[in-house]
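Trainee: sequence first, then the predicted structure, then my questions.
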Amino acid sequence: MASYDPTVFQQDKTFIKDTVARFVRHHDNEVFAREVHVDFSDFLGGAPEIFMREEWVDRLQRMMSGSHDSQRATSGIFVNLQQPGPESQRPLTCGAIVMADGEVVEDGERIRIEGLFDLGLIRMSELERAGENPWRIYRQVARKA
């Protein structure tokens, strides 16, 4: 059983931050897992939902289309990743938090999002074997700060 090497840890952390940064700016298929568990209930009401990647990306892009990129800001990506060491194994999942401030449009209504995104990421072995960034978002929760 191989240990979680500090070099691999740093590479994972860099890949995770890259995935989260792409999510913040682009909301495209490249950042999400096949299935995404979404909870915007703090801001939109309703219950958490599960979307297929393409369906969630389409909805996000519609939500973001009502405001310009300059009307949204994020800061501080905190990655909650198991620390490396001889007794630790490389994780399959991890969490990340990013602060968010901006507007989205849902059903024609402008909604201010001031809070944080609590993200769950999963390491996709098929992407890793292809030499790509293997970390994808499988959970997106918007929380009021």
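Mentor: Received it, and whenever you're ready, just let me know what you need.
Trainee: can you mark which positions in the one helix or strand R136 maps to are buried?
Mentor: Per DSSP states H and E: R136 is located in strand 135-144. Buried residues in strand 135-144, counted by 16 or more other Cβ atoms under 10 Å: 135-143. (C-beta placed from N, C-alpha, C; glycine too.)
Trainee: closest one of the residues you listed to D101?
Mentor: Nearest to D101, judged by Cβ to Cβ, of the buried residues of strand 135-144 is A142 at 11.7 Å.
Trainee: name the nearest residue to that closest one, sequence neighbours excluded.
Mentor: Excluding its sequence neighbours, the residue lying closest to A142 (Cβ to Cβ, 6 or more residues apart in numbering) is F40, at 4.8 Å.
Trainee: tell me the contacts of the one you found?
Mentor: Contacts for F40 (Cβ atoms under 8 Å, 6 or more residues apart in numbering) come out as 46, 141-142.
Trainee: distance check, it against Q61.
Mentor: 15 Å (Cβ to Cβ, to the nearest Å).
Trainee: now do the buried residues in the helix ranked longest in the chain.
Mentor: Ranked by residue count under DSSP state H, the longest helix found in the chain is helix 6-26. For helix 6-26, a neighbour-count test (16+ other Cβ under 10 Å) marks 9, 12-13, 15-17, 19-20, 23-24 as buried.
Trainee: contact partners of the helix or strand just after that helix?
Mentor: Using DSSP H and E, the next helix or strand after helix 6-26 towards the C-terminus is strand 32-39. With Cβ under 8 Å, 6+ apart as the contact definition, strand 32-39 has outside contacts at 23, 48-53, 56-57, 120, 122, 124, 136-142.
Trainee: so, low pLDDT: which residues of the protein?
Mentor: Scanning the chain for pLDDT under 70 picks out 1, 26, 66-75, 104.
Trainee: try it again at 80.
Mentor: 1-2, 24-29, 43-44, 61-75, 100-114, 145 (pLDDT under 80).
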